[in-house]
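In: sequence? don't have it. structure:
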C-alpha cells in the first residue's frame, strides 16, 4: 500500500497512537488502513462414497486438484460462500452440513474453512477456473497432485473419520514451508 | 475506496472480465482491489464457574459488556488472536481450548469466532479499551447490557451447554436488525 484509498495522498507506515502494530496511515485525511486475514471457504461435496475435486485452471497450482473453495465475499455467510464457490468452480449444487475443518495458514494471513456437503445431483462440470471436475473414491485421491496443504489435511481427516464412523470438527495450523521445501 | 492504494490513480467500480461482482479497479496500473469479510476473534475466559467480561471504553457500544475479542491481525492464528485480544483488553493470560462458536454477521461482512479458554490467574484488569474487567457467575451476567448479539448468543449457548454437561461447537448467523429495532 502506497497511497490512501480514501483521499489519494501518500501513506506512511507507522504505529498509530494507542496501537501496537505499524499501519498505513494517511497524514492528509488521517485514515488508518488496516490489513486483516482473509477467509477461504469451501466444501467437501459427497456423493455416496465419492467426493468431488476440481482440477485448477488458474494459478497458483495450475493443473493440481482441490476441493471447491475460494475467497469469501463481503455480505455473505460462510455457508453461502461454500455453496457459491462450489457452483462457480464445479457448476455443482450442494446442501452444506457442518463446518468440518478450520485451518490457519498464518504465514500468508489466511484462514481456510471447509464444510461437509452433499452433492444434490450429478449435473456438474468445470467452471471457468477449473480444467476438470470429477468424483473420487478414497483410493483414487491424487494425493501427490493436490493443490494445497489445507486440502490434503482436510481429506486425510475426512477419510480417517469416515473409517472410524464419526465426523468431528478439526482445527489445525499450517506452518510456513521450510526454505528447502519452498525452493 | 476512491483511489488506487498501489499507484494513487482514481479507481472505478465495475465488474472485471471473468468476475461476478463489481470491484474497485485501477485503470492506470490495472490492480483489482478486493474487499473481503473480517474475522473477529476472542475468548470465553473461565475461572471455575465464573467467566470474564470487559466493559467497553470505546465505541461502538461504549459502557456495554463483552467477551474479550477483536479484529484478527495478519500473520497470526485464530488461537493467537484470542490470546492477544484477551491480553490487550483484560490484561489477562489464558490457555485456549476449543473453538466454541462461529457466528456470521453477514450484513456487516464479519465472522466472529469465540474460543473456550481457561484463565491462568486472577492478575487481570482493564486494558486501554476497557473501563472495567470482572468475573461473572451465570446469574450475574448483565444480559441487557451486553455489547454485541454474537456475545449474547455465545453466552446463552455456553450456559445451556454447561447445564447439560457437554460443550459442542455452535455455528449461527445473525440477520440484519429490522429497521424498527435499529432505530
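Out: Nice, I can see it. On a predicted model such as this, the values are computed, not experimentally measured, just so you know.
In: Can you pull out the low-pLDDT segments for chain A?
Out: Applying pLDDT under 70 to chain A flags the ranges A:181-183.
In: Look up the closest residue to the residue nearest the centre of it, ignoring the ones flanking it.
Out: The centre of chain A sits closest to residue A:40, judged by C-alpha atoms, centre = their mean, with a distance of 3.1 Å. Nearest residue to residue A:40, sequence neighbours excluded (C-beta to C-beta, 6 or more residues apart in numbering or on different chains): residue A:112, at 4.7 Å. All C-beta atoms are positioned from the backbone trio N, CA, C, and that covers glycine.
In: partner residues bridging that neighbour?
Out: residue A:40, residue A:103 (DSSP bridges).
In: does it really touch residue A:103, like I thought?
Out: Yes: applying C-beta atoms under 8 Å, one finds residue A:112 in contact with residue A:103, separated by 4.5 Å.
In: Overlap of the contact sets of these two?
Out: residue A:150 (C-beta atoms under 8 Å, 6 or more residues apart in numbering or on different chains).
In: From residue A:7, how far off is the residue sitting furthest away from the middle of chain A?
Out: Residue farthest from the centre of chain A, counting by C-alpha atoms, centre = their mean, is residue A:28 at 36.6 Å. Distance of residue A:28 to residue A:7, computed by C-beta to C-beta, to the nearest Å: 5 Å.
In: With residue A:39 instead?
Out: In terms of C-beta to C-beta, residue A:39 sits 29 Å off from residue A:7.
In: Tell me if the longest helix anywhere in chain A is near chain B.
Out: Ordering each helix of chain A by length in residues (DSSP state H) puts helix A:149-164 first. No: using C-beta under 8 Å from any C-beta of the partner chain, helix A:149-164 never reaches chain B; the gap is at least 13.0 Å.
In: Show me how far that helix is from its chain's centre.
Out: Distance of helix A:149-164 from its chain centroid, counting by C-alpha atoms, centre = their mean, to the nearest Å, is 15 Å.
In: was I right about the residue nearest to the centre of chain A contacting residue A:108?
Out: No: using C-beta under 8 Å, residue A:40 makes no contact with residue A:108, being 9.9 Å away.
In: thinking again about what came up before, so what's the residue nearest to the centre of chain A up against?
Out: By C-beta under 8 Å, 6+ apart, the contact list for residue A:40 reads A:69, A:70, A:71, A:72, A:110, A:111, A:112, A:113, A:150.
In: need the strands for chain A, in chain order.
Out: Ranges of strands in chain A, per DSSP state E, are A:11-14, A:23-26, A:32-33, A:38-47, A:50-56, A:65-66, A:69-71, A:94-105, A:110-119, A:130-136, A:170-173.
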